[in-house]
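*Asks:* Pasted the sequence and its predicted model underneath.
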Amino acid sequence: MRLPLGENNNIQKLRNFAEWLLKIGDDLAGNTTDGESIVHIPSDILIKNSETALDDLIDFVYPDMLSNLSVENYFKDRATLAPTLDCVTDVNNKMTAGLLGQERVYLNSDSVCAEEENMEFELDVFSPEILNGINCSGLPPHKLVLKVGAPVMLLRNIDQTNGLCNETRMQVRRIGNHVIECKTLTGNKAGSIVLIPKLNLIPNNETLPVMFQRRQFPIIMSFAMTINMSWDKLYRKLEFTFQCIK
């Protein structure tokens with residue numbers, strides 16, 4: 001849902017919507033029973049046709065996408081939020097398939113970061129195939145599918161001075177064997193042309209059964225992103241918006 005500023009009634013709608021979102025994030029919305037909350041969604045932001053709900057959502061968030069690929073703020077102002085990585089993957093795959101041009105598939109290289117005393121055991125148990133199947137927040141997938149024009153998000157701080165920070169959104173311009181050329185969409189260097197190389201990435205997820213490193217481009221598709229990944233950024237943006245409209 002997008003609420004443009006301008007008239008007083010729009011400002012109040014934005015404030016009400018923002019406060020409702022923050023209550024959901026703080027577990028203050030709805031009635032809680034046995035650890036689960038029932039939240040009533042306003043009817044004006046619901047897509048009710050379940051048969052084509054995903055298509056309707058995509059058309060709402062990204063109208064006339066192909067004709068707007070070169071518009072500077074088109075992807076900067078839009079994103080779909082989803083509760084799980086599986087939902088994010090479904091949206092990103094569907095949106096990527098809708099782009100013109102040839103897709104490029106990049107496979108990663110996974111290896112165990114084993115301690116010396118456990119190395120033999122972990123190498124036997126956690127084969128490359130098992131490591132390839134691990135998909136967690138903050139880590140690019142084993143199979144990264146890209147097309148020119150697609151929006152992506154950076155997963156690591158590469159060069160903070162030049163605006164290449166974690167969660168920087170970019171748009172793919174050219175796809176090479178060893179680097180990806182992108183245009184930054186957010187941050188203090190928005191509009192810059194940058195080259196993204198492959199990196200050795202170690203996830204910091206404590207729930208993983210083994211520590212391993214993944215050599216892959218430190219980016220993910222960002223037509224959609226998880227709510228958790230975007231929540232802190234959204235919270236800061238809402239606080240800034242309230243300060244501006246007071």
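*Replies:* Great, that's in hand.
*Asks:* can you pull out the helices in the chain?
*Replies:* Residue ranges of the helices in the chain, as given by DSSP state H, are 8-25, 53-61, 85-98, 119-125, 128-132, 227-245.
*Asks:* quick one: low-confidence parts of the chain?
*Replies:* 1-10, 25-27, 30-37, 114-124, 228-246 (pLDDT under 70).
*Asks:* Where do the strands of this structure begin and end?
*Replies:* Counting by DSSP state E, the segments of the chain that form strands are 31-33, 36-38, 80-82, 104-107, 109-112, 143-146, 151-154, 169-175, 179-184, 193-197, 199-201, 212-216, 219-221, 224-226.
*Asks:* Walk me through which strands the fourth one pairs with, and which way each runs.
*Replies:* To tie it back to what came earlier, the one meant is strand 104-107. As defined by DSSP bridges, the strand partners of strand 104-107 come to strand 143-146 (antiparallel).
*Asks:* Could you pull out the buried residues of the strand it pairs with?
*Replies:* 144, 146 (16 or more other CB atoms under 10 Å). In short, each C-beta sits where N, CA and C put it, glycine included.
*Asks:* Same check on stretch 198-209?
*Replies:* Using 16+ other CB under 10 Å as the burial criterion, the residues of stretch 198-209 that qualify are 198, 201, 203.
*Asks:* can you give me the end-to-end distance of it?
*Replies:* 24 Å (CA to CA, to the nearest Å).
*Asks:* same deal with stretch 156-174?
*Replies:* 20 Å.
*Asks:* How far off centre is that stretch?
*Replies:* Per CA atoms, centre = their mean, to the nearest Å, the displacement of stretch 156-174 from the mean C-alpha position of its chain is 13 Å.
*Asks:* what does it rub up against?
*Replies:* When contacts are defined by CB atoms under 8 Å, 6 or more residues apart in numbering, stretch 156-174 is touched by residues 75-76, 146-155, 180-190, 192-194, 196, 199, 201, 218-219, 222, 229, 233.
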